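Visitor: Coordinates only, no sequence provided:
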């Protein structure tokens, strides 16, 4: 019922950087490609890979990839 | 008494009386579900209500606790005491690992990173061989407590669950009212100020996180033992969402609120089950009314009305 989308969308916004529209667009494309590639090579993890990316990004760049510095 | 103020003590006596009378009036298995959900919500409240950290991944600790308890009961035939204890320990250890990573961020980022880590735990539970994947661990024997108390009887099981719940409840109450708990509340109100007073806030937050996760694991383990089943539902994110709802409905930052919230939410699920898909709609409506009309939650509003601290 779309509840899986909410998770992915949350992840996209957080990874892209909150408040950055360009960040969301680029991250959305990027994550879509990553998820698609995972589906080819290791299908079980395709729903989880988004969260792996999110953890790595949040731990290294807390404001997201395109977010402004606080 | 017991570190309670007078109104709190009265509320505590009422709660214990309800727990004792309960199984003679209602179906004990339903009440056990309430108590497990109540302990889980109380543990969650320790994080959200008293440290102000919104964790969106508490299902991971709850679910992992239930998996470990179910697995040790079924494979190793452990004593129920050790199986539940191991469930709690697993929650605490997992909480230490994930909390160490998550605690570095605050606010919405903390919520998102706990959600992400919990989804990784969900993935492990889905793929790892010992959890049984989509089937979960089924037909878990209830076994014996201390080697001689047979738990297969619902009433015996009920008293054990009640003791676990009250133990966890009193522990949380003790934590909140200790000097350590005062520091936690200080962090909730103003973190930079707590830092400037010389407290290592990250350490305090991590300890609170581990305690909360350990108690969640304990609740999960108890639930697995009661129903003899551990499934993916317990690890998945809707469980994390439900515990937030339970805590808010009962009263955030009150000692008794989460238990009350668990009673309301579980009763809705139990008695509205005939309504099928409408349960979610009704729950959503009640939650909206709660947020719009009485934002402190049921117990919070009562406390505010009578000018008490519950």
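Guide: Great, that's in hand. Because the structure is a prediction, the values reported are computed rather than measured.

Visitor: confidence score at the residue nearest the centre of chain A?
Guide: Per CA atoms, centre = their mean, the C-alpha nearest to the average position across chain A is that of residue A:12, at 3.7 Å. Per-residue pLDDT puts residue A:12 at 89.

Visitor: and residue B:183, what is it in contact with?
Guide: Going by CB atoms under 8 Å, 6 or more residues apart in numbering or on different chains, residue B:183 touches B:194, B:199, B:204. The C-beta positions use only the backbone N, C-alpha and C, and glycine is treated the same way.

Visitor: want to try a markdown table for those, with distance to residue B:30 as columns?
Guide: Shown next, in a markdown table, are the contacts of residue B:183 (distance: CB to CB, whole Å):
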| residue | distance to residue B:30 |
| --- | --- |
| B:194 | 42 |
| B:199 | 43 |
| B:204 | 37 |
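
Visitor: And the residue nearest to the centre of chain A, how close does it get to residue B:202?
Guide: Per CB to CB, to the nearest Å, residue A:12 is found 28 Å from residue B:202.

Visitor: how about the residues of the stretch 151-300 of chain B near chain A?
Guide: With CB under 8 Å from any CB of the partner chain as the criterion, the stretch 151-300 of chain B meets chain A at residues B:237-238.

Visitor: Show me where the stretch 151-300 of chain B dips below the pLDDT cut-off.
Guide: Low-confidence segments of the stretch 151-300 of chain B (pLDDT under 70): none present.

Visitor: Hmm, the residue nearest to the centre of chain A is touching residue A:27, no?
Guide: Yes: between residue A:12 and residue A:27 there is a contact under CB atoms under 8 Å: 5.0 Å.

Visitor: ok, residue A:64 touching residue A:54?
Guide: No: with contact defined as CB under 8 Å, residue A:64 does not count as touching residue A:54 (9.5 Å).

Visitor: and those two? which has more neighbours close in?
Guide: residue A:54 (27 against 23; other CB atoms under 10 Å in any protein chain shown).

Visitor: Report the contact partners of the more buried one.
Guide: The neighbours of residue A:54, taking CB under 8 Å, 6+ apart as the test, are A:11, A:14-15, B:112-113, B:116.

Visitor: Just send those back as TSV, with neighbour count too.
Guide: Output for these, formatted as TSV (neighbours: other CB atoms under 10 Å in any protein chain shown):
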residue	neighbour count
A:11	24
A:14	26
A:15	29
B:112	24
B:113	27
B:116	29
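
Visitor: show me the contacts for residue A:28.
Guide: By CB under 8 Å, 6+ apart, the residues touching residue A:28 are A:12, A:16.

Visitor: about what we covered before: which of the contacts of residue A:54 fall within helices?
Guide: Using DSSP state H, the members of those that fall in helices are A:11, A:14-15, B:112-113, B:116.

Visitor: which one of those residues is nearest residue B:251?
Guide: Residue B:251 lies nearest to residue B:112 out of those, by CB to CB, at 25.6 Å.

Visitor: Do I have it right that that closest one meets residue A:11?
Guide: Yes: using CB under 8 Å, residue B:112 makes contact with residue A:11 at a distance of 7.5 Å.

Visitor: Pull out the buried positions in the longest helix along chain A.
Guide: Longest helix in chain A, counting residues (DSSP H): helix A:21-41. Buried residues in helix A:21-41, counted by 16 or more other CB atoms under 10 Å in any protein chain shown: A:23-24, A:26-28, A:31, A:34-35, A:38.

Visitor: which residues touch residue B:193?
Guide: residue B:186.

Visitor: so how many other residues sit close to the nearest residue to residue B:306 once chain neighbours are set aside?
Guide: Excluding its sequence neighbours, the residue lying closest to residue B:306 (CB to CB, 6 or more residues apart in numbering or on different chains) is residue B:7, at 7.6 Å. Neighbour count for residue B:7, taken as other CB under 10 Å: 14.

Visitor: do residue B:262 as well
Guide: Residues within reach of residue B:262, counting by other CB under 10 Å, total 28.

Visitor: cool, and residue B:27?
Guide: With other CB under 10 Å as criterion, residue B:27 counts 12.

Visitor: So it versus residue B:40, what's the distance?
Guide: Taken as CB to CB, the span from residue B:27 to residue B:40 is 20 Å.

Visitor: Contacts for the helix or strand of chain A with the lowest mean pLDDT next, please.
Guide: Sorting the helices and strands of chain A by mean pLDDT, DSSP states H and E puts helix A:3-16 at the bottom, at a mean of 84. With contact meaning CB under 8 Å, 6+ apart, helix A:3-16 is reached by A:23-28, A:31, A:47, A:50-51, A:53-54, A:57-58, A:64-67, B:108-109, B:112, B:115-116, B:119, B:237-238.

Visitor: close to chain A, is the helix or strand harbouring residue B:97?
Guide: Using DSSP states H and E, residue B:97 maps to helix B:80-102. Yes: for helix B:80-102, a contact with chain A is found by CB under 8 Å from any CB, at residue B:101.

Visitor: what's the pLDDT at residue A:1?
Guide: 58.

Visitor: Report the distance from stretch B:98-115 to the chain centre.
Guide: Distance of stretch B:98-115 from its chain centroid, counting by CA atoms, centre = their mean, to the nearest Å, is 19 Å.

Visitor: For that stretch, list every residue counted as buried.
Guide: Going by neighbour count (16+ other CB under 10 Å), the buried part of stretch B:98-115 is B:98-99, B:102-106, B:109-115.

Visitor: Just the terminal-to-terminal distance for that stretch.
Guide: This stretch, stretch B:98-115, spans 11 Å end to end (CA to CA, to the nearest Å).

Visitor: Name all residues that make contact with residue A:18.
Guide: A:63-64, A:67, B:108.

Visitor: one more time with 10 Å, if that's ok
Guide: By CB atoms under 10 Å, 6 or more residues apart in numbering or on different chains, the residues touching residue A:18 are A:24, A:63-64, A:66-68, B:108-109, B:112.
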